[in-house]
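> Model the following, please.
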Amino acid sequence: MSRIGRKPITIPAGVKITVDGNKVTVAGPKGTLDSTFHPKMAIAVEGETVVVSRPDDSNESKSLHGLTRTLISNMVTGVTEGFSKDLEVIGVGYRVAKQGKNLVMNLGFSHQVIMPEIDGITIEVPDPNKIKVVGIDKQKVGQFAAEIREKRPPEPYKGKGIRYVGEYIIRKEGKTGKGK
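Numbering: from 1, shown residues only. Below you'll find the model as predicted:
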C-alpha cells in the first residue's frame, strides 16, 4: 500500500470538495480549483476527510495512488493558504519593477524583458532585486517562476542572474591569466 496514498486528506473549515466520478472541485476562501484524475482511482469524501483508493496492486495503480492523493492535497492547500515562490536577481544593474500587471526586468540585455501576469498568478516586487510569484495552483506558480528564471539563469562564474531564494549555485574557477 502506498504510504502517501493511504493517508486521508482532512478538509479544513471553509473548504468544500465536490467529487463527480474522477473530477474533483475544491472551493475555498482563496478561490476554486478543479482537476480530472485517472478513472482507475476511486475518490470519496467521507465526513471531514477525502480518501483515495486503488483497484489493484499493478505498478500503474500504485504510481497513480500517491500522485492523486498529493494533487488533491495540494488543491486543498492552495485554496486555503496559497503557494508562493521567491526569486532574487543578482548582478550589477540588474533590477525588476512592476508596471501595472507587467513585470519589467533589466537583465543586462540591450532591451527590457517584460512578462505579463497570467490568470491565477500574482507577481509582487518587494525590492528592486526580489520577485515573489503567488497563486493558488502549485503547478502554475512553479511553472511561471521557472519561466522568469529562464530569462537569465544564474551563470557559474560570477553567479549573476535570476535564482530561487536559497538556491545554491556551483561556482567555477575562471581563467588563471598566465601567459606563454
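> For stretch 80-94, give me every contacting residue.
Around stretch 80-94, the neighbours that count as contacts under C-beta atoms under 8 Å, 6 or more residues apart in numbering are 12, 14-15, 28-30, 77, 95-96, 105-108, 128-138, 141-142, 145, 148-149, 152, 154, 158-165. Glycine gets a C-beta too; all of them are placed from N, C-alpha and C.
> among those residues, which are in helices?
Mapping the contacts of stretch 80-94 onto helices (DSSP state H) picks out 77, 138, 141-142, 145, 148-149.
> Could you list the low-pLDDT ranges of this structure?
Across the chain, the ranges flagged by pLDDT under 70 are 1-2, 177-180.
> between the longest strand seen in it and helix 138-150, how many degrees?
For the chain, the strand reaching the highest residue count under DSSP state E is reported as strand 83-90. Using axes from the mean of the first three to the mean of the last three C-alpha atoms, to 10 degrees, the inter-axis angle of strand 83-90 relative to helix 138-150 is 10 degrees.
> For strand 83-90, buried residues please.
Residues of strand 83-90 classed as buried by neighbour count (16 or more other C-beta atoms under 10 Å): 83, 85, 87-89.
> As a markdown table, those with distance to residue 6 would be great.
As requested, the buried residues of strand 83-90 are exported to a markdown table (distance: C-beta to C-beta, whole Å):
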| residue | distance to residue 6 |
| --- | --- |
| 83 | 25 |
| 85 | 30 |
| 87 | 36 |
| 88 | 39 |
| 89 | 43 |
